[in-house]
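Asker: here is a sequence together with a model predicted from it:
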There are 2 protein chains.
Amino acid sequence: MSREELTATQDRIAPYIHRTPVLTSSRLNHLSGAQLYLKCENFQRTGSFKMRGASNAVASLGPDEQAKGVVAHSSGNFAQAVALAARMNGVDAHIVMPDNAPAVKREATIGYGATVYTSGPRALDREEMADAVQEKTGAVMLHPSNQWEVILGQGTSAMELMEDVDDLDYVMTPVGGGGLIAGTAMAVTYFAPQAKVIGAEPAAADDAFRSLRSGRIEMNETADTIADGLRTHLGDVNFPIIQRHVDSIICVEELEIIHALRLVWETMKIIIEPSCALPLAAVLKDKERFKGKRVGLILTGGNVDMDTLWPQIRSLEQELGVND
Amino acid sequence: MSREELTATQDRIAPYIHRTPVLTSSRLNHLSGAQLYLKCENFQRTGSFKMRGASNAVASLGPDEQAKGVVAHSSGNFAQAVALAARMNGVDAHIVMPDNAPAVKREATIGYGATVYTSGPRALDREEMADAVQEKTGAVMLHPSNQWEVILGQGTSAMELMEDVDDLDYVMTPVGGGGLIAGTAMAVTYFAPQAKVIGAEPAAADDAFRSLRSGRIEMNETADTIADGLRTHLGDVNFPIIQRHVDSIICVEELEIIHALRLVWETMKIIIEPSCALPLAAVLKDKERFKGKRVGLILTGGNVDMDTLWPQIRSLEQELGVND
């Protein structure tokens, strides 16, 4: 990866994405003791940062590849992003979604013009079906986090953040499959080398934390976290970048995630997904480290199904001991 | 009221308020068939447009009056707004809140430095206690909607909207006590006279609709609406302005309010109060009227207590017949 590749990516995807705002909150600054800059990918097209990587992957294909279409498997945000990016490029999209994917995300993906295939709920089910679709159609397989063009695309969110905010001390993202933090780490290395990149991960799915310690890609035995976007593991393309350019990973508990989620909803009046709340939860957990620092946080997305999420929050709070 | 008074108000309150953004949504435009411009007072200081009127009322007082302090009664948004506006002006605030006001709003009001008094739940309880506090302290009573300085302050939201968006055909607000729509109507009359001002009101609390028809201020016998900010009636200061400068009022049903609320949360990823959703609900109800038009909507506030609101939404949907 090079500075020029990142800049070329930014130019390439400009027609397909929104430039998202950076918000601040005096209340959150007061509570954290830090200067926080929140990059709002929840306002991105299709409701998440995934549109950046997906549109770069689709737009980077040659005419012959584009003519064959693209295939991907996803239960949510990447599905919608690939569907819209493909439509905007005049490319056919074949998306495999598990049968337990939220109906609203399924409908949105179909609404963006993709052909949707329904698989069983396990990761293996999806992968097998995606392979079969790929073989039958000859379409190009896209990976949500472990593919070069996707990682480059995800890095453009931090690039915009650094254009808007000078002298950041830290840039923080949640860590799921590793595409966002890898792209962010490269962008920060080139465009704000004084800043450190820190990931935030659920303690209940701390594969990346363990991977950095052991030096190899670790899996999650279980992944019982409300941050459903962060249950995946790192990949062989993004892991070396993360090893080299990410300062550290902070693990946070479920109640800390929910507390941070509520804080953003209630004080900033914006809707973010549980996965989004991790970096703020990490800042609030480790206040000493961030005291007086300028901290950029990537808010990754805002696609929540309130009908299932709200009861889930309440039941976790009751189980884990938050009083009304 | 004059153009100069509005401009002077805008200058007077500038130090106390945020200039809020105007957002657009291609999805909402597609669904409505209109060009919608949403003025986001949910991002205003204290979480609602009430900060505009409150800060104008407090800042307009002479030094002798300011030295006596201010008193107001409110269950929520006006309480917080008066408390903060008073503190920013170095003025004591005495706020009477009913004992059924949400704890979070009570705490916020205390957090802004006001002395909070707790009354019984009825309007009469609050008024009596506020009168007693006023008599004891000599503080100046502020009214949330039926006071000249407050009406002027509320009009500044539409002024900003018209500065940011040209050639509006309509400007729409919810209608509760009448301060916002009266201020908006005056601002539109002076700064975008081609535009019509339309109010949106719950069918379950349609006092303003009936008042315009009968020519006198009507009351609500009952006010069983989820839009809890809109249960109040018009006043003798704002009613003549509304009669003269408001084009019409559209009444919407509870399920239409909830549908519009969900649409804004889910597609725009911003949190608005139920009262906020009324203008969008009205546009979606009367699509023919707004087809192809440029419509400004004032989103009034974002102070929701999700723990009580979400169960309320679900139970109304079940009772009134929306399936999952």
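Answerer: Cool, the structure landed.
Asker: contact distance from chain B - what residues of the stretch 51-200 of chain A qualify?
Answerer: Residues of the stretch 51-200 of chain A found near chain B (C-beta under 8 Å from any C-beta of the partner chain) are A:V104. Bear in mind the C-beta positions are built from the backbone N, C-alpha and C, glycine included.
Asker: got the phi/psi numbers for whatever residue of the stretch 51-200 of chain A ends up closest to chain B?
Answerer: Proximity of the stretch 51-200 of chain A to chain B (C-beta to the nearest C-beta) peaks at A:V104, 7.6 Å away. The phi and psi values for A:V104, taken as degrees, to the nearest 10, are phi -70, psi -30.
Asker: repeat that for A:G113.
Answerer: Here is the backbone geometry of A:G113 (degrees, to the nearest 10): phi 90, psi 10.
Asker: okay, the helix or strand of chain A with the lowest mean pLDDT in PDB with CA atoms only?
Answerer: Here the helix or strand of chain A ranked lowest by mean pLDDT, DSSP states H and E is helix A:306-320, holding a mean of 88. The C-alpha trace of helix A:306-320 is given here as PDB (Å, rounded to 0.1, in the frame of the first residue of the first chain):
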ATOM      1  CA  MET A 306     -34.900  -1.300  17.000                       C
ATOM      2  CA  ASP A 307     -37.600  -3.900  17.400                       C
ATOM      3  CA  THR A 308     -34.900  -6.600  18.200                       C
ATOM      4  CA  LEU A 309     -32.200  -4.400  19.600                       C
ATOM      5  CA  TRP A 310     -34.100  -2.600  22.300                       C
ATOM      6  CA  PRO A 311     -35.400  -5.700  24.100                       C
ATOM      7  CA  GLN A 312     -31.900  -7.100  23.800                       C
ATOM      8  CA  ILE A 313     -30.400  -4.100  25.500                       C
ATOM      9  CA  ARG A 314     -33.000  -4.100  28.300                       C
ATOM     10  CA  SER A 315     -32.600  -7.800  28.900                       C
ATOM     11  CA  LEU A 316     -28.700  -7.600  29.100                       C
ATOM     12  CA  GLU A 317     -29.000  -4.600  31.500                       C
ATOM     13  CA  GLN A 318     -31.300  -6.600  33.700                       C
ATOM     14  CA  GLU A 319     -29.200  -9.700  33.600                       C
ATOM     15  CA  LEU A 320     -25.900  -7.900  34.100                       C
END
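Asker: pull out the buried positions in that helix.
Answerer: By 16 or more other C-beta atoms under 10 Å in any protein chain shown, the buried positions in helix A:306-320 come out as A:M306, A:L309, A:W310, A:I313, A:R314, A:L316, A:E317.
Asker: just stretch A:165-180 next, same as before
Answerer: Quick answer for stretch A:165-180 (16+ other C-beta under 10 Å): A:165, A:168-180.
Asker: among the residues you listed, name the ones in strands.
Answerer: A:Y170, A:V171, A:M172, A:T173, A:P174 (DSSP state E).
Asker: what residues are bridge-paired with the fourth one?
Answerer: On the basis of DSSP bridges, A:T173 takes part in beta bridges with A:G199.
Asker: A:I181 is in contact with that one, correct?
Answerer: Yes. Counting by C-beta atoms under 8 Å, A:I181 is a contact partner of A:T173 at 4.8 Å.
Asker: list residues touching both of these two?
Answerer: The contact sets of A:T173 and A:I181 overlap at A:V197, A:G199 (C-beta atoms under 8 Å, 6 or more residues apart in numbering or on different chains).
Asker: let me know how buried the spatially closest residue to A:V264 that is not a sequence neighbour is, in neighbour terms.
Answerer: Spatial nearest neighbour of A:V264, excluding adjacent residues (C-beta to C-beta, 6 or more residues apart in numbering or on different chains): A:I272 at 5.3 Å. By other C-beta atoms under 10 Å in any protein chain shown, 24 other residues sit near A:I272.
Asker: check A:T184 too.
Answerer: A:T184 has 31 neighbouring residues, counting by other C-beta under 10 Å.
Asker: A:D131 now?
Answerer: Considering only other C-beta under 10 Å, A:D131 is surrounded by 14 other residues.
Asker: mind listing what's buried in the host helix or strand of it?
Answerer: Of the helices and strands defined by DSSP states H and E, A:D131 is found in helix A:123-137. Buried positions in helix A:123-137, judged by neighbour count with 16+ other C-beta under 10 Å: A:D125, A:R126, A:M129, A:A130, A:V133, A:Q134.
Asker: may I see those arranged in TSV, with distance to B:G302 and pLDDT as well?
Answerer: Listed next are these as TSV, based on distance: C-beta to C-beta, whole Å; pLDDT from 0 to 100:
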residue	distance to B:G302	pLDDT
A:D125	41	91
A:R126	37	90
A:M129	42	97
A:A130	40	96
A:V133	43	97
A:Q134	45	97
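Asker: of all the residues you listed, which two lie farthest apart?
Answerer: Farthest apart among those by C-beta to C-beta are A:D125 and A:Q134. That separation is 14.9 Å.
Asker: now do the contacts for the nearest residue to A:A185 once chain neighbours are set aside.
Answerer: Of all residues not flanking A:A185 in the chain, A:H245 sits nearest, at 3.7 Å (C-beta to C-beta, 6+ apart). By C-beta under 8 Å, 6+ apart, the contact set of A:H245 is A:A182, A:A185, A:M186, A:V188, A:T189, A:V197.
Asker: of those residues, which is the most crowded?
Answerer: Those, ranked by neighbours (other C-beta under 10 Å): first place A:A182, 35 neighbours.
Asker: quick one: contacts for it?
Answerer: By C-beta under 8 Å, 6+ apart, A:A182 lies in contact with A:I151, A:Q154, A:G155, A:V237, A:N238, A:I241, A:I242, A:H245.
Asker: what is the burial count for A:R244?
Answerer: 11.
Asker: could you check how far the nearest residue to it once chain neighbours are set aside is from A:D247?
Answerer: Distance criterion C-beta to C-beta, 6+ apart; nearest residue to A:R244, sequence neighbours excluded, is A:A185 at 7.9 Å. Distance, A:A185 to A:D247, using C-beta to C-beta, to the nearest Å: 9 Å.
Asker: between those two, what contacts are shared?
Answerer: Taking C-beta under 8 Å, 6+ apart as the contact rule, A:A185 and A:D247 both touch A:V197.
Asker: wait, is A:C251 part of a strand?
Answerer: Yes. With DSSP: H, G, I helix; E, B strand; the rest coil as the criterion, A:C251 is part of a strand.
Asker: so what's the closest residue to it other than its chain neighbours up against?
Answerer: Closest residue to A:C251 apart from its sequence neighbours, by C-beta to C-beta, 6+ apart: A:A203 at 4.3 Å. Applying C-beta under 8 Å, 6+ apart to A:A203 gives the contacts A:C251, A:V252, A:E253, A:E254.
Asker: by neighbour count, which of those wins?
Answerer: Comparing the contacts of A:A203 by number of neighbours (other C-beta under 10 Å), A:V252 comes first, having 28 neighbours.
Asker: for A:S248, name its beta-bridge partners.
Answerer: Note on A:S248: beta-bridge partners A:I198, judged by DSSP bridges.
Asker: that one is in contact with A:I198, isn't it?
Answerer: Yes. The pair A:S248 / A:I198 is scored as a contact, 5.6 Å apart, by C-beta under 8 Å.
Asker: more neighbours: these two, which one.
Answerer: Neighbour comparison, A:S248 and A:I198: the larger count goes to A:I198, with 25 against 13 (by other C-beta under 10 Å).
Asker: any idea how far that one lies from B:E163?
Answerer: As judged by C-beta to C-beta, A:I198 and B:E163 stand 40 Å apart.
Asker: what stretches of the stretch 51-200 of chain A score poorly on pLDDT?
Answerer: The stretch 51-200 of chain A contains no residues with pLDDT under 70.
Asker: would you state the strands of it in chain order?
Answerer: Along the stretch 51-200 of chain A, counting by DSSP state E, counting those that start in this stretch, strands occupy A:70-73, A:93-98, A:115-119, A:140-141, A:170-174, A:196-202.
Asker: among these, which is nearest A:A86?
Answerer: Checking these against A:A86 by C-beta to C-beta gives strand A:93-98 as the closest, at 3.7 Å.
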